[in-house]
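S.K.: Build the 3D model from these lines:
(6 chains)
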There are 6 protein chains.
Amino acid sequence: MARPVTLYTLQWGDLPLESVCEKAKAFGYDGLELGLPDHVDVRRTDGEYYEGIKSLLKKYELQLYTISSHLVGQAVCDNIDERHQSILPAYIWGDGDPEGVHQRATEEMIRTGYAAKALGVDTVVGFTGSSIWHLLYSFPPVTDAMIKKGYDDFARRFLPILDEYQKLGIRFALEVHPTEIAFDTFSAKRALEAVNYHPAFGFNYDPSHLGYQGVDYVDFIYQFPERIFHVHMKDVHWSDIPKQVGIFGGHVTFGDPRRYWNFRSLGHGKINFEEIIRALNSIGYQGPLSVEWEDSAMDREQGAWESCQLVKKVDFRPSAVAFDACFEKKR
Amino acid sequence: MARPVTLYTLQWGDLPLESVCEKAKAFGYDGLELGLPDHVDVRRTDGEYYEGIKSLLKKYELQLYTISSHLVGQAVCDNIDERHQSILPAYIWGDGDPEGVHQRATEEMIRTGYAAKALGVDTVVGFTGSSIWHLLYSFPPVTDAMIKKGYDDFARRFLPILDEYQKLGIRFALEVHPTEIAFDTFSAKRALEAVNYHPAFGFNYDPSHLGYQGVDYVDFIYQFPERIFHVHMKDVHWSDIPKQVGIFGGHVTFGDPRRYWNFRSLGHGKINFEEIIRALNSIGYQGPLSVEWEDSAMDREQGAWESCQLVKKVDFRPSAVAFDACFEKKR
Amino acid sequence: MARPVTLYTLQWGDLPLESVCEKAKAFGYDGLELGLPDHVDVRRTDGEYYEGIKSLLKKYELQLYTISSHLVGQAVCDNIDERHQSILPAYIWGDGDPEGVHQRATEEMIRTGYAAKALGVDTVVGFTGSSIWHLLYSFPPVTDAMIKKGYDDFARRFLPILDEYQKLGIRFALEVHPTEIAFDTFSAKRALEAVNYHPAFGFNYDPSHLGYQGVDYVDFIYQFPERIFHVHMKDVHWSDIPKQVGIFGGHVTFGDPRRYWNFRSLGHGKINFEEIIRALNSIGYQGPLSVEWEDSAMDREQGAWESCQLVKKVDFRPSAVAFDACFEKKR
Amino acid sequence: MARPVTLYTLQWGDLPLESVCEKAKAFGYDGLELGLPDHVDVRRTDGEYYEGIKSLLKKYELQLYTISSHLVGQAVCDNIDERHQSILPAYIWGDGDPEGVHQRATEEMIRTGYAAKALGVDTVVGFTGSSIWHLLYSFPPVTDAMIKKGYDDFARRFLPILDEYQKLGIRFALEVHPTEIAFDTFSAKRALEAVNYHPAFGFNYDPSHLGYQGVDYVDFIYQFPERIFHVHMKDVHWSDIPKQVGIFGGHVTFGDPRRYWNFRSLGHGKINFEEIIRALNSIGYQGPLSVEWEDSAMDREQGAWESCQLVKKVDFRPSAVAFDACFEKKR
Amino acid sequence: MARPVTLYTLQWGDLPLESVCEKAKAFGYDGLELGLPDHVDVRRTDGEYYEGIKSLLKKYELQLYTISSHLVGQAVCDNIDERHQSILPAYIWGDGDPEGVHQRATEEMIRTGYAAKALGVDTVVGFTGSSIWHLLYSFPPVTDAMIKKGYDDFARRFLPILDEYQKLGIRFALEVHPTEIAFDTFSAKRALEAVNYHPAFGFNYDPSHLGYQGVDYVDFIYQFPERIFHVHMKDVHWSDIPKQVGIFGGHVTFGDPRRYWNFRSLGHGKINFEEIIRALNSIGYQGPLSVEWEDSAMDREQGAWESCQLVKKVDFRPSAVAFDACFEKKR
Amino acid sequence: MARPVTLYTLQWGDLPLESVCEKAKAFGYDGLELGLPDHVDVRRTDGEYYEGIKSLLKKYELQLYTISSHLVGQAVCDNIDERHQSILPAYIWGDGDPEGVHQRATEEMIRTGYAAKALGVDTVVGFTGSSIWHLLYSFPPVTDAMIKKGYDDFARRFLPILDEYQKLGIRFALEVHPTEIAFDTFSAKRALEAVNYHPAFGFNYDPSHLGYQGVDYVDFIYQFPERIFHVHMKDVHWSDIPKQVGIFGGHVTFGDPRRYWNFRSLGHGKINFEEIIRALNSIGYQGPLSVEWEDSAMDREQGAWESCQLVKKVDFRPSAVAFDACFEKKR
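M.R.: Below you'll find the model as predicted:
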């Protein structure tokens, strides 16, 4: 064990924050990654509100490194439709007019930076959405211009957010994930280029979205050593045996046993966390390892408890000296 | 060698049909699968036109089993956008108004049935498009109702076509493929259910769209023994080593060496055609084996020639007797 | 951990029941699966005898879900020879005349149902034997009639037992195993058909007898969701490297290192228990997970202790809610 | 191509020998392995009969290296039952009394040696049967004494045959195969020991019976370099995916698609013939490579033709010089 | 857990022995394998010195089974160059003249035997060096004579040491390792032959030097059942994916992530310790399992602690009885 | 088939060049890669000599693209010992004094450039030798300085040769190979750096020396797209099963069946030539594919004939157009 282990609270949004604190502490976590909008209301501008959150965590001896805004971030670049109404607070959805939703989501993202600062953390994790995700299989043929337009749109919408963050000393960590502007190593590189390697833009590394796609998720870390701002420890399983439902998901629900892949509680999938830790040691990542718990076939509390133990077990400190130094005599 | 081997002419649409006949004959093919709209203009209603095509094929001793309308079929259910203009004839695209495009594409599909009859074939291969393909990764969460709506839309738009086909004695064979209403075993089953197992609806089996997804493409044949109306022999390669661009394609072009998968000329990929032939023998499929040639890294003519030899080599006749019959004495 | 973990006492028949209770408790087990004839004498008809067993288990806080009669069950359908004398009590072997042995074994099986009832359990696990096992490799060629005769024989001999059980509210769970009437998924289905899906007939699922054969042992659970009456947690190893002795066993003893496969203590073989637990969760199996411990190369007590910990570790409760429910806002 | 390629005629017993000659020649074979009893009647003692066979082969320029007696050999040690009636000539079955059948089969085997001599060949390939095959899965537990009895029985029954063969200058090559006294490397060694390494006793090497069992079929050649008397080129497929019917066969017919393994025409299975040729080169085997054709899903004539081409392609001559000899200068 | 678990102190030579004792005890070890020259000065001839070491270990309740002299042993047969100066004590290096170094190293090895005796242990582990290691890839072609010369040199230099050891009742256990006279199974056999199977010569079995080479490290144990004098538990990782630096190491440092293989802390590599324990049980090895800890990417203390737990977990006692003995009735 | 296929004559140095021409032509080759010193005597300075060679090849319609000097090149940087005497012409070995040998080898390499020019070819393939190969396994620990010294030595010795070549318009293609200054991707990069990416320095790509090491031999091509000057088509086999002799070779001869790897005739090993051709197409390599034939277990003439057919079969022309261009309508 070397790095702090945190629990992402998004999947526990049905519980008041204090209950989550209590459970996380009992499960053995060192801290929380607070999920928006359930556990932080970034519209609040009064210092006491944020001090209250900090006190609550302190009471449970839980550290805070990050707050995360997946749902609102998604609405910044996405083509808005009825699905977004179900994931957005009413004050952001408003009348549902797409441009208005984009605008309000953008403002909320900026407010999130201020909230992060008020909470004393330097990293906001989140999604970006994408106006071109639906073009993923290039038939009818997609032109380069159409793809470029998507990345330009992303840059246009996110640069104002990133500039604000930079001023605040906050970094935005995009979780590389299907439906976002970056969903594999190559599209991540293109997203970096789109914002001219803006210093406030980097990644929330989550191997569970890469492995089943056939993406080299360990190599991802070596490709962007300076841009791994945060790490999710989440597992995914893919089958050794071909199935009736393939990677595109067959329009069936997550968790269906006919699927080729499904998210699984850490240690129950195919992600090789050993190699991830070795790569993180190699690039010198010192931040938290945050458990995002998702497994359709396992009890949530058992999973969260077990995942904490597993992360502590799989993590290890890098070596201080070369092991073969011992061969050389000492005089 | 047991079944006729045909060449699908879609990828040769830049050449006049007679040139294609000449080449196909020289490469060793037994027949053609004619690709629309380049090689058959289904707006023609005069018998001579179709007799002309038949004579041309006869001159080169090439058989005809199928005509195929992938591009126009795609426009029946798809959400129409600028990409469709590039794949549709001007008379179908018209002013590009979506409902008008759907309408004209539907009429063209029906006309295609008449053309098939005029040409003396009983199978039309094609695409359907899909109004819900873009929902493939269920985030923001997709409701069951949204998926159902997509299948209902498909049924509403295709049943009139299928009814016409049935009257004509023609079968429609959907190529199970990403971006269509059916793209794996499960969605294929759901498509069948959506049209109540309409007798004129079945599949064009093409393993290249299933294997890289993690779909059991041999099992697909055993799942729908009565509905395999036509077979494409097309190969696909997927990597043993994870890559920078995963299955979702990283918004890069087909053929890029950083991709996890790419189409390849038959025999150069990972599809196990031996098992496919054994399954086709087992369900009693007697139709043609049609080569759809696509490989970004190989010369087209070399590929088409080589593929023909490979199909002839891999195909074999089923056994007439059990091999262990010999053990029983003959009196 | 979710389900009770029990220890099957057959392999501990050399010890008095109280010693086994003591050890099982110390190893961490929640209950026992009592092995016949060593730990229950079903000839006893006095209630006190059974109350005595129940008290003994209660004293050690051990639960009872099942009693098992592998050895006697084997003699019901087997072609009796000298090997059976070594596994049967003298009062069943008698003079060894096959039909007499069958008869006495059958009566004992029925008595076992009464004993189960007296002990308050509803499941008897056991073997059936088979009159056709020796025909497994069809040379000289075996006719369908010969196989049918074997299943008819099984039905004829077991239906009276099953009928009695049904009256008693007891279920018989056949352990699918080489040398029995069912030894893989297909023969299990045929056995069910032979007894017309008798409600008192189902299976004791034990993956160790299926995996090394090349049988899909996870799929087995999905094939018979209503008929998994009991579960054995037992592991088996098969080699990555071909060996001098193959699956047919080379007439050498279990445990020989030249063999291709051998039973192994849980966690030391190749069975994927994770997938088994997920499948059992999926079909809603709520019964015990019973450790049948067999490993020629490991100390019995160490193995039994370790297996209990491993089962508790590998088992988990199913999820109460879908993990992505959290994405939908709460109003 | 280096060694003669022959066709085993057992599976062509429904055709007169001349038809088989005609076909074999047309398929490209260099010779035949004559299958008994269909193509040689060893009861014949007149030289002309055998000269007739030799002339017939000469007419078609086919060589003869071996005659094979699988069916009759099986009856020497097997426990006789109704299945044997179907594979034996009536004059050997007689009244079916086991001891009489053994006796007549033994005499026929000796006569087969004389026939071989009359035909000018020095090798008889065949089966032995086994009185202990049915004990293969040691439950109820099989004692060492029972196995020893089986090998003693084999020695007692076969030594007289082997002694006669030795006098005649004939060698008996047992095809190592399930249901025989030897069915993997270890049981083959034990069979050799049982007859004290009798010089007339060796093996017909056939990898198709070993590979699917998990037996190292290449190593088998290195284990018995002096005892590989004859070689069958036959392929077998086993699944990458576990199945409903395992290696024990589920009491279903060869060829059923639910089985884990099936025989396949050469080149369509998983046997690595390259390694076999390298091993045969290494031990200096100079005899024929004989095609025993069995594939439930392929046309017999197509298979026999193709197999001949494949054997010729896969076989190659050993090197005369070390390849790195060239590095040393020539003076 | 069955055998004592010891820690090899070579990699802890920078610490005084008492600190190592303290740590080893805290980590859970049962004993030490003392590394020379840091923790034993074999030039000492006074009994008190050795009693002091024994007392120190006793104080920490640590056992002693072995002392190890890798660095000095290396200098016995190696072609001496500047690298040896860095690994040898000054009094052995002297003026660096090769023959003088060989001589002094040899004397030190003999003294090491006396030290072992003084410490009450019967095994010295070590290296031999090799005068022919640099010839490993036979280009320019290496003659048999050159290799023979290397083995002769080894015999000439080591037989005097072995003879002394034999008199003292000490055994020398060569760690089979690249750069030594034995580095795989075959060269180990040749080394045994070179010294005529001298009773004082055997091996320190360390799988980490064999696995990545493609050597069957489990079979190694079965090849030399009488010569496994000591066992190192050390792990190694090799990649599933080909790399830029192959097994020959690309002249880069151990631990570089571009390498195909690297040493890893026990449980983090690819060595199958389960199979090793089963093999050691099978040959009856009763000695210690000694952890030699080397991992460039992990903290030494965490690794040593964790390795001790893992060895205790993976080790197990062999079975006293056959598990199927239970099937036989007890009267 | 797309590129010329040539035969490297080094392994045929025992035959006069005209015999080799005759055979190569008969086997189907398009040209030769002439092996020195047997088939070209570069000491000759008279134009007629070279015209004679050109005429001879012309007579047999064989093209010439390269001459190769593996043996002499080896002597430029190697630490010279008795092995070199056996591979060098007497006039280069001379008295065997290392520095003299280096000098004479260097002069011969320069002369080889002139010979190449005289023969009208622009590429010389060869070895460099290495003064640090013997340090490959870093024990005793090798310092960075020692490795640097080796690369400096290489640069010092080869830059004069490369400068001469550049003047002549000749390129030197080092075959990346164990015992050379470059033997995997990383050491190849370091060699390039050592000579400052000298324009006359590049590689002879030969996958057979990379694959068995665990080096990504396809990626090698993408790493050095500008430096692939020549290509050897040579295969190598490595075992699926661990062996008694590992990659370091156990001091046994090439070809021994106990080895983990051995060279094999093209198509009989594990090299994936399909991927190599795709990579060569991708970087635009247009030169010859040269067969260097080495297989200890196969007849040389059979192998050379077969290899030529296989190269022609596996090679293919790149695509002129993107396959999906056809989807876009033609106006």
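S.K.: Please identify which helix or strand holds the residue in the stretch 51-200 of chain A that chain C sits nearest to.
M.R.: When scored by Cβ to the nearest Cβ, the stretch 51-200 of chain A has A:Ser86 as its residue closest to chain C, at 4.8 Å. All C-beta atoms are positioned from the backbone trio N, CA, C, and that covers glycine. Element membership of A:Ser86, judged by DSSP states H and E, is helix A:82-87.
S.K.: in stretch A:190-206, what counts as buried?
M.R.: Buried residues in stretch A:190-206, counted by 16 or more other Cβ atoms under 10 Å in any protein chain shown: A:190-192, A:194-195, A:198, A:200-206.
S.K.: So which of those residues are in helices?
M.R.: Members of those lying in helices (criterion: DSSP state H): A:190-192, A:194.
S.K.: Just send these back as TSV, with distance to D:Trp93 and pLDDT too.
M.R.: Listed next are those as TSV, based on distance: Cβ to Cβ, whole Å; pLDDT from 0 to 100:
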residue	distance to D:Trp93	pLDDT
A:Arg190	79	98
A:Ala191	80	98
A:Leu192	82	98
A:Ala194	84	98
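S.K.: can you tell me which of those residues lies nearest to F:Leu62?
M.R.: A:Arg190 (49.3 Å; Cβ to Cβ).
S.K.: Pull the number of nearby residues for the residue lying closest to the closest one once chain neighbours are set aside.
M.R.: Spatial nearest neighbour of A:Arg190, chain neighbours left out: A:Tyr151 (6.1 Å); criterion: Cβ to Cβ, 6 or more residues apart in numbering or on different chains. A count of neighbours around A:Tyr151, defined by other Cβ atoms under 10 Å in any protein chain shown, yields 21.
S.K.: quick one, phi psi at the residue nearest the centre of chain A?
M.R.: Centroid-nearest residue in chain A, with Cα atoms, centre = their mean: A:Glu175, separated by 3.9 Å. Dihedral pair for A:Glu175: phi -80, psi 110, per degrees, to the nearest 10.
S.K.: Quick check: bridge partners of it?
M.R.: In this entry, A:Glu175 is beta-bridged to A:Asn204, by DSSP bridges.
S.K.: Thought A:Val124 was touching it, still the case?
M.R.: No: using Cβ atoms under 8 Å, A:Glu175 is not in contact with A:Val124; the gap is 11.1 Å.
S.K.: pLDDT score for the residue of the stretch 51-200 of chain A closest to chain C?
M.R.: Looking at A:Ser86, its pLDDT is 94.
S.K.: Pull up the gap between it and chain D, please.
M.R.: 39 Å (Cβ to the nearest Cβ, to the nearest Å).
S.K.: likewise A:Gln74?
M.R.: A:Gln74 is 38 Å from chain D, by Cβ to the nearest Cβ.
S.K.: a helix runs through that residue, doesn't it?
M.R.: Yes: counting by DSSP: H, G, I helix; E, B strand; the rest coil, A:Gln74 is located in a helix.
S.K.: Skip the chain neighbours and tell me the closest residue to A:Ile170.
M.R.: Closest residue to A:Ile170 apart from its sequence neighbours, by Cβ to Cβ, 6+ apart: A:Gly113 at 4.7 Å.
S.K.: Could you list every helix and strand that whichever strand or helix holds that neighbour packs against?
M.R.: Using DSSP H and E, A:Gly113 maps to helix A:98-119. With contacts defined as 3 or more Cβ pairs under 8 Å, 6 or more residues apart in numbering or on different chains; DSSP states H and E, the packing partners of helix A:98-119 are helix A:47-59, strand A:63-69, helix A:70-77, helix A:90-93, strand A:123-126, helix A:144-168.
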